[in-house]
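Enquirer: Sequence and predicted structure, then a few things I'm wondering about:
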Amino acid sequence: MEKKHKLLTFYVKCLVISLPVILLVAFYAYKDPFMVLRSYADYDHSWVVQDEGAVAWEKYKQQRRSCHYDSFVMGTSCTKAFPCSIWQHYITGRPFRFFSNAEGLGDVSLKLEALEEQPGQKIKNLLLVVERSFFEKESAQGGIMHLMPPEVTGKSWASYQTEFLQSFFYPKFLVPYLKYAFTGYRDPKASGVFYDDLPSRDRVTNEALLPEEAEIKRLGERYWQQGEWNSESRKPRETSLAPRVLGERQIRMLADLQNFCERHHTNLKMVIGPNYQRERFNPDDLDILLHIFGPQCVYDYSHDDRFIDFHDYYDMSHYRAKVGEAIIKEIYGKR
C-alpha cells in the first residue's frame, strides 16, 4: 500500500512539474504564432515576424489558380526595392514576390524545383536580386526564419513542426510574445519578434509594403538622423573589393539554373544590387556569371556611382524602391 502511495505521489509530482509545459504547448497550438499549424486566408496582418518563405509558398498555393502567376521575384531582402506593381509594366506576365528571409542560392534552387513540380506552372520571367552573401549560401538554410514547408523540402511534417515548437520556447521569443498575447504590448526591444507596421505584404503579389517611404515623407532629412544613421555613417565611402565567392559547387548550381531557364523559356535577369558599404562584386566571379548566363541576363550595380548617396537607402543594408525602379527601367528598357 505504501509503495502504491509513493508511486501515486511520484506521478502527481511529475504532472505538477510538467503542467506549465503542457499548458504552453496547448497555448502554442491554440494561438499558432508562426502560422504553420493551420492554413489561413490572411497571412499579412500578423504582428509576429513570420518565415517569409513559408508564407509566400502558402499564398502562392492558395492563389495560383486564380492569379495565374508566371513571373517571380526571388533573392535577398532587397527584393523589397523591386515592387511587382512596377515590374509588371515591363514584362508580359503575372508577377509574384517569392521571397525568403536572407535568401541564398540553395534556397532559390529548392524553390525553383518545387515550382517545377506544380502542374502546368509556367515561369516566364525570373528577376533574381543578389549580392555576395547570396552565393555563399549554397545549401538550403534551416531554422524557423528559413525553413520551407515539407512539400517543398521533402522533410517530414513532424520535424518541420518541431523546429517551430522548439523556437516558441526560446526565452527571447516566449517572454515578449506572452506579454503581447496577454496585454497587447509589443516590446520594441524584442528584436526580430514583431513587425513594425501592418500589413507587411501585398495580399496578391506578396510584394513588400514600404512604411519607410511614408516615414521619409513625414520626416524628410530627419529620417537619416536617427537609428544607425549618424554624421559618420552618412559620409561617402571608399570602394572595396569583395573576395571571390564562387566555387565548384556554386558554379554547378548556377549552370543548373541556366538549364532550368532554358527548359522553361524563362527570361532571367540577375541583378547584383548596389550596397551602401560600396563593396564591389569580385570581377572574377562576375566573369563566371557572364559566361554562364550571358551579358543580357547579368547586371552588376555593386559599384555604380549613381547609387551611393545615403538618401538612396532605408538603412545600410537596403536600398530604396526608387533605386529598384531605376534598375528595372534600365535592364528591361522602355515600357
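Expert: Now that the structure is in, tell me what you want to look at. This one's a predicted model, so the numbers in the text were calculated from it and none came from an experiment. Numbering: from 1, shown residues only.
Enquirer: Would you map the helices across this structure?
Expert: 2-31, 52-67, 84-87, 105-116, 132-136, 150-153, 157-168, 171-183, 211-219, 248-263, 283-293, 321-332 (DSSP state H).
Enquirer: In the fifth one, which residues are buried?
Expert: Residues of helix 132-136 classed as buried by neighbour count (16 or more other C-beta atoms under 10 Å): 132, 134-135. Where you see a C-beta, it was placed from the backbone N, CA and C, and this is true even at glycine.
Enquirer: what's the answer for the last one, then?
Expert: By neighbour count on 16+ other C-beta under 10 Å, the buried set for helix 321-332 is 321, 323-328, 331-332.
Enquirer: for the fourth one, same thing?
Expert: Neighbour-count burial for helix 105-116 flags 105-112, 114-115 (criterion: 16+ other C-beta under 10 Å).
Enquirer: and which of those residues is nearest Gly227?
Expert: Asp107 (28.2 Å; C-beta to C-beta).
Enquirer: any idea of the pLDDT on that closest one?
Expert: pLDDT for Asp107: 97.
Enquirer: wouldn't it be in contact with Phe135 here?
Expert: No: with contact defined as C-beta atoms under 8 Å, Asp107 does not reach Phe135; the gap is 11.8 Å.
Enquirer: Just checking, which helix or strand of this protein averages the lowest pLDDT?
Expert: helix 2-31 (a mean of 73; mean pLDDT, DSSP states H and E).
Enquirer: Make JSON lines out of the helices of the chain and add distance to Thr205.
Expert: Below are these laid out as JSON lines (distance: least, C-beta to C-beta, whole Å):
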{"stretch": "helix 2-31", "distance to Thr205": "28"}
{"stretch": "helix 52-67", "distance to Thr205": "8"}
{"stretch": "helix 84-87", "distance to Thr205": "4"}
{"stretch": "helix 105-116", "distance to Thr205": "16"}
{"stretch": "helix 132-136", "distance to Thr205": "22"}
{"stretch": "helix 150-153", "distance to Thr205": "20"}
{"stretch": "helix 157-168", "distance to Thr205": "26"}
{"stretch": "helix 171-183", "distance to Thr205": "28"}
{"stretch": "helix 211-219", "distance to Thr205": "17"}
{"stretch": "helix 248-263", "distance to Thr205": "22"}
{"stretch": "helix 283-293", "distance to Thr205": "25"}
{"stretch": "helix 321-332", "distance to Thr205": "14"}
